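**Q** no FASTA, just this:
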C-alpha cells in the first residue's frame, strides 16, 4: 500500500507531479551538514521555496514531537496551495543524524513514517526525499515525502515496493503483468483514487482464464476514467479488492463520479493492491487476440483496449506526445 | 509597536545592486532609471525629492519602485535611494521627510516614546484619542525614518501600496507575495511578516493585516 499511498501523497503535497509515481529525480542530492551550516534567523523563520532535497542520514528516532502547525504555516508561505496543505497528514517528526553527527528533527508524512519501523532499524542509514520549507534558529525545517534504504539502489523498487514487485499478485502471467502491486499489512485498508474521474467498470467476480491475455486475472476490481480538459483520457484500475465500497460503506457503482483520494474499495484478503494505468493515446491501442469478440460489445470494457503503462514513470501531462498540461 | 532597525546597515546598498528601479515617464512607458539622467528641460517646474511618489511592484524575486513624476526629473533626483524612498509613503508623509512634516500634518503628538540610538517615536491617533487606528512616526536626526499605522480596519488615506489595514492575507499576498520571514509579533496571537531586505513589513492577526510599517531603506 505504500507506493499507492505515496502516489497520492505526492500528488496532494506537491501538486505538480511529473509522473504519477513518486518523482525521485526532482530531489537534488544535498549534504545535510552543509544545510545545517546555512545562516539561521535569530528568531522566527525564514521561508524557503520548498526546494526538493535528497539527503543521506542515519535514523535516530521513529517519532519525535514537533511543531506541525508551524510547518503548515510555512508551507502556505512557501507558496504551496491551501488545499494541498490542508490535505497534508503530518503528525510528527523523526530524528536523524548527519554524517558529522549533528542530530535534527525532520517532519515526515504520516504515510511515510508508518513504514520506517518495518523497513529501517534505528541506527541505519537511509535516504530521505524532503523539501526545505523554512529555516528557524534550530536549523532547517524539512518535510520528508519519501525514503529509501541502501538495500534498494533503485528507490522506485525499494522497501515494500520491491517485495511487492517480486511477488506478483497473480494478475497476469509470467510475462504479462499490467501494473504494479502494492502490499499492505492488513486486508480492508482503504483504496483511494489518484485523481478525479468516473467509475466505468466494477467487477465483483474473478475473471475467467480467457480474460488473462487482455486484462489478467485480477479478482475484484474497479476502473476509473479520468478525462482532462485538453482531451486526454486515462484509465486507472484498482484490482484484487475486497469490499468495493465508499467511505460510508455504500457500494461503488458504474457512473459514480469520484474525487481525487476518494475511497473506492478496500484491499482484499491477499493484502495486495494491483494498480494499473492505461492511457488513451496514439500507439497505445493494441488489444490482444480475441479482444473484439470478448469485449467489443461492452462499452464498460473500453479501457482494456489500451496498453497498460508503468504507473511509476507515466506522465499524464505528456503521454501520447501530445504535450501541454493535462489539467 | 515594533522597534526600529529591521534592516542591517548596508542592506539596501546590496539591494540596489539587484533590484531594477524603474521610472515611469509621463506617458506611462517604463524606462530604466539610469536612462533618465538627462535631467529636466528648460521650463519644467522644479521638483523636489519629497514630491516624488511611487509604488512597489514585484520584480522577479524582489521588488521595483515605479515612480511617476509630473515632469522630467533633474539628474540629481535620479538616484536609487531617492527613487526607492518615493515608494515609502503613508498618508501625507514620506520616509525621509523633515520631522516638521509631522507637526504640519498632525500637530502635537499624543505621546512620545524614546527609542534606542537617540530616536524618538511619536504616536498620533488618527480618529479618536486612545483608539485605533493610530500612527507611530519614528524620527532620527530630525528626519522621519519609520512610519507604522495600526488598527483592525482600514484607516482612510493610510494605505500602503494599495494595502489597507484589515485586508486579508490573500489580498496582501496578491500585492506583495509571500513574506521572506515570519516571526511572532509582540502583540498577542499576531505574526510579523517581513520582506527583508525591502523596507516594509506587516503584522497579521487572524489572517488579516493589523499593522503596516515602512522604514528608511538602509
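**A** Arrived safely. This is a predicted model, so every value here is computed, not measured. Residues are numbered from 1 along each chain as shown, chains lettered A, B, ... in the order given.

**Q** excluding its backbone neighbours, what's nearest residue A:260?
**A** Excluding the flanking residues, the one nearest residue A:260 by Cβ to Cβ, 6 or more residues apart in numbering or on different chains is residue A:195, at 4.9 Å. Placement of C-beta: from N, CA and C, glycine included.

**Q** ok, which stretches of chain B are strands?
**A** With DSSP state E applied, chain B shows strands at B:22-24, B:30-32, B:53-59, B:62-68, B:89-90, B:93-94, B:111-114, B:120-125, B:134-140, B:143-150, B:181-184, B:190-194, B:200-205, B:208-215, listed in chain order.

**Q** between the last one and strand B:143-150, how big is the angle?
**A** Spelled out, that is strand B:208-215. Angular relation of strand B:208-215 and strand B:143-150 on a 0 to 180 degree scale: 180 degrees, by axes from the mean of the first three to the mean of the last three Cα atoms, to 10 degrees.

**Q** so for chain B, the centremost residue is which one?
**A** For chain B, residue B:88 is the residue whose C-alpha lies nearest the centre (Cα atoms, centre = their mean; 2.6 Å).

**Q** buried ones in stretch A:199-207?
**A** Residues of stretch A:199-207 classed as buried by neighbour count (16 or more other Cβ atoms under 10 Å in any protein chain shown): A:199, A:200, A:201, A:202, A:203, A:207.

**Q** beta partners for residue A:233?
**A** Residues in a beta bridge with residue A:233, per DSSP bridges, are residue A:227, residue A:280.

**Q** return the backbone torsion pair for the residue in the stretch 51-200 of chain A positioned nearest to chain B.
**A** Closest contact between the stretch 51-200 of chain A and chain B, by Cβ to the nearest Cβ, is at residue A:77 (4.6 Å). Per-residue torsions, residue A:77: phi -70, psi -20 (degrees, to the nearest 10).

**Q** quick one: contacts for it?
**A** A:47, B:178, B:179, B:182 (Cβ atoms under 8 Å, 6 or more residues apart in numbering or on different chains).

**Q** and it, what pLDDT?
**A** Note for residue A:77: predicted pLDDT of 90.

**Q** domains for chain B, by residue range?
**A** B:11-90, B:93-215 (automatic domain parsing).

**Q** flag every residue of chain A that's near chain B.
**A** A:41, A:43-47, A:73-74, A:76-79, A:134 (Cβ under 8 Å from any Cβ of the partner chain).

**Q** name the member of these with the most neighbours.
**A** In terms of neighbour count, residue A:74 stands highest of the residues of chain A next to chain B at 26 neighbours, by other Cβ atoms under 10 Å in any protein chain shown.

**Q** where does that one land in three-state SS?
**A** Secondary structure of residue A:74, reduced to three states by DSSP: H, G, I helix; E, B strand; the rest coil: helix.

**Q** same question, the one 10 residues further on
**A** Reduced to three states with three-state DSSP, the structure at residue A:84 is helix.

**Q** then residue A:35?
**A** helix.

**Q** show me the residues around it that make contact.
**A** Residue A:35 neighbours (Cβ under 8 Å, 6+ apart): A:53, A:55, A:132, A:139, A:140.

**Q** one more: residue A:57?
**A** Residue A:57 neighbours (Cβ under 8 Å, 6+ apart): A:32, A:96, A:97, A:98, A:125, A:126, A:127, A:128.
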